[in-house]
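Visitor: predicted model and sequence follow; I will ask about them next.
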Amino acid sequence: MTAWRDVEADVPEFARRVQALFDAHRHKTIATIRADGAPRISGIEAEFEDGELVFGSMPQARKGADLHRDPRFALHSATVDPVQGAEADWPGEAKISGRAIPAGPIKDGPAGERFHTDITEVVHTHLDDAATVLVIEWWTPAHGLRRVERE
């Protein structure tokens, strides 16, 4: 199992950038898999807590049922458009994929179920310093950090 603390330990600067993108906005988007195999997109709140990426699901929510049936998920940070003329300041967007691990009821807050994550991939998409090239960096437990640039 790969926790967020493992990403932080392996690639601290990359992990800091990704976490900053997730922490910048309260609402994120999660993709789960429906019973018929189709994708489902839902809004969600997620947090980095004690070296873990955690999120919850309200009682009887479809995303929670999806995750119990098939724990695979993809979590996307909030997306903001680059400001025209200041594209080099755009922080980009981040994605984390993995498997959701049920962790019992939510103790502080509204009723629902809490999930921890087993991370399989972390991605940061952004522009280079000159804002002329799209940069895709991704990390996996098996291959570490990789990078491609696209014009």
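Guide: Alright, I've got the coordinates.

Visitor: OK, contacts around Lys63?
Guide: Contact analysis of Lys63 by C-beta atoms under 8 Å, 6 or more residues apart in numbering lists 30, 32, 40, 42, 44, 57. Bear in mind the C-beta positions are built from the backbone N, C-alpha and C, glycine included.

Visitor: element containing the first one, please.
Guide: When elements are defined using DSSP states H and E, Ile30 is found to belong to strand 28-33.

Visitor: how about the nearest residue to Leu134, chain neighbours excluded?
Guide: Leaving aside its sequence neighbours, Leu134 sits nearest to Arg150 (C-beta to C-beta, 6 or more residues apart in numbering; 4.6 Å).

Visitor: pretty sure the one you found contacts Ile136?
Guide: Yes. Using C-beta atoms under 8 Å as the test, Arg150 is close enough to Ile136 to be in contact (7.2 Å).

Visitor: any idea how far the residue most central in space within the chain lies from Glu137?
Guide: The residue lying closest to the centre of the chain (C-alpha atoms, centre = their mean) is Ile96, at 3.2 Å. Separation of Ile96 from Glu137 (C-beta to C-beta, to the nearest Å) stands at 13 Å.

Visitor: joint contacts of these two?
Guide: Common contacts of Ile96 and Glu137 (C-beta under 8 Å, 6+ apart): Val123.

Visitor: report back the residue of this structure that's furthest from centre.
Guide: Centroid-distance maximum for the chain: Gly85 at 28.2 Å, with C-alpha atoms, centre = their mean.

Visitor: and the pLDDT at it?
Guide: Looking at Gly85, its pLDDT is 89.

Visitor: ok so it is a strand residue?
Guide: No. Using DSSP: H, G, I helix; E, B strand; the rest coil, the assignment for Gly85 is coil, not a strand.

Visitor: what about the helices in the chain?
Guide: For the chain, the helices defined by DSSP state H occupy 4-10, 12-23, 62-69.

Visitor: so which of those helices comes closest to Gly109?
Guide: Each of the helices of the chain has some distance to Gly109 by C-beta to C-beta; the shortest is helix 62-69, at 15.0 Å.

Visitor: what's the spacing between the closest one and its chain's center?
Guide: 17 Å (C-alpha atoms, centre = their mean, to the nearest Å).
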